[in-house]
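Undergrad: What follows is a predicted structure for the sequence shown.
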Amino acid sequence: MIKKVRSLSLFLVLVAVLVTGCAQAVVRVNVHKNGSADLVYRVGIDNSFMSMAQSGNQRPFAGFAQGAKAHGFKVHYFHNAQMTGVIATRHVNSLSEITPSLLNSPNSQSVKGINGGSSLFVVKRTFFNTQYNFGADINLTNMMQGSQSPLSGITSQGPNRQGASGNAITSQGLQSLTKGLSSLLSSQLKVQYVISLPFKAGANNASRVLNNGRTLVWNLVAGRDNVLRMTATVPNTSHEVLPIVIIVVIVAAVVAFLVLRRRRKLKMTTA
């Protein structure tokens, strides 16, 4: 009886946490004018859920932090009144360095680049403009199955806790419960992909467009294959100015030549 009551209490507490929206993940790409970018990954969970995970000797962000460091990210933890989590940051010198491998976990290929390739950004430069193409296929269908949820470790396989009767309450019944909770957790996970640009974006399928078209926000949906697309064409102002400068120099040279020629004619006639 005690075993059932404790399991039910745990379930009710977890449901209450999940309904309030317990987990958030934001991937942000800040693009700079020189073509470099800063990547910021922010993952957090509700403090109540974090406390329960820690009481079960769980380390929800250990795998994420380890993987981020392996990919050259700087990692630090944060804690505020609502959430606890991890922020991972990395600077890249070129958008071509942003590949699906920076988003995929070691055993997952849930993120693919443009046309299923290895690039999320393709940049084409011409004399007069630079074309930017961004594409990402982020498959989150496995998240609803529980086993592949990035936060499934919170609700699975912790050390068994003994009830007053001596029975382990993390047995078959609780394992089934945690499997369902993992799916519920995934459905409450708020995931966003954000791109900030130094110029106005062109055609895109973002959920929201902010900052006069310079910030694009995609709200990713668990249980679906999320397709992200963006294009932009930016004039190369340096190349546009160069022809004008050349024309001005030529015109100035022609004018100077005509003026000098006229002066010479005047001197010859007065001599």
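TA: Structure received.
Undergrad: Run through the strands of the stretch 1-150 of the chain in chain order.
TA: Ranges of strands in the stretch 1-150 of the chain, per DSSP state E, counting those that start in this stretch, are 23-31, 37-46, 74-79, 83-92, 111-112, 121-125, 129-139.
Undergrad: Nearest to residue 60 among these would be which one?
TA: Closest to residue 60 of the strands of the stretch 1-150 of the chain is strand 37-46 (Cβ to Cβ; 6.3 Å). The way it works is simple: take the backbone N, C-alpha and C, and place the C-beta from them, glycine included.
Undergrad: Just the pLDDT for the spatially closest residue to residue 47 that is not a sequence neighbour.
TA: Spatial nearest neighbour of residue 47, excluding adjacent residues (Cβ to Cβ, 6 or more residues apart in numbering): residue 84 at 5.6 Å. Residue 84 is assigned 90 on the pLDDT scale.
Undergrad: now residue 84, which residues is it bridged with?
TA: Following DSSP bridges, residue 84 is listed with bridge partners residue 45, residue 79.
Undergrad: ok, now which ones touch it?
TA: 44, 45, 47, 50, 77, 78 (Cβ atoms under 8 Å, 6 or more residues apart in numbering).
Undergrad: roughly how far apart are the closest residue to the first one other than its chain neighbours and residue 36?
TA: Taking Cβ to Cβ, 6+ apart as the measure, residue 44 lies nearest to residue 85, with 2.8 Å between them; neighbours along the chain are not counted. Residue 85 sits 26 Å away from residue 36, taking Cβ to Cβ, to the nearest Å as the criterion.
Undergrad: the more surrounded of the two?
TA: residue 85 (22 against 14; other Cβ atoms under 10 Å).
Undergrad: my guess is that one contacts residue 49, does it?
TA: No - using Cβ atoms under 8 Å as the test, residue 85 is too far from residue 49 to be in contact (11.0 Å).
Undergrad: In the stretch 1-150 of the chain, where is pLDDT below threshold?
TA: 1-21, 105-109, 143-150 (pLDDT under 70).
Undergrad: Please repeat the previous calculation with a cut-off of 80.
TA: In the predicted model, the stretch 1-150 of the chain carries pLDDT under 80 at residues 1-22, 48-60, 102-109, 115-117, 127, 141-150.
Undergrad: Could you check how far residue 258 is from residue 264?
TA: 11 Å.
Undergrad: Residues that sit against both of the two, list them.
TA: Joint contacts of residue 258 and residue 264 (Cβ under 8 Å, 6+ apart) do not exist.
Undergrad: Restricting the selection to alpha carbons, write stretch 36-46 to PDB.
TA: Output in PDB follows, covering the C-alpha atoms of stretch 36-46 (Å, rounded to 0.1, in the frame of the first residue of the first chain):
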ATOM      1  CA  SER A  36      31.600  34.400 -38.400                       C
ATOM      2  CA  ALA A  37      29.000  33.300 -35.800                       C
ATOM      3  CA  ASP A  38      28.500  32.600 -32.100                       C
ATOM      4  CA  LEU A  39      26.600  29.400 -31.200                       C
ATOM      5  CA  VAL A  40      24.700  29.400 -27.900                       C
ATOM      6  CA  TYR A  41      22.900  26.300 -26.600                       C
ATOM      7  CA  ARG A  42      20.700  26.700 -23.500                       C
ATOM      8  CA  VAL A  43      19.000  23.800 -21.900                       C
ATOM      9  CA  GLY A  44      17.100  24.000 -18.600                       C
ATOM     10  CA  ILE A  45      14.500  22.200 -16.500                       C
ATOM     11  CA  ASP A  46      12.200  23.200 -13.800                       C
END
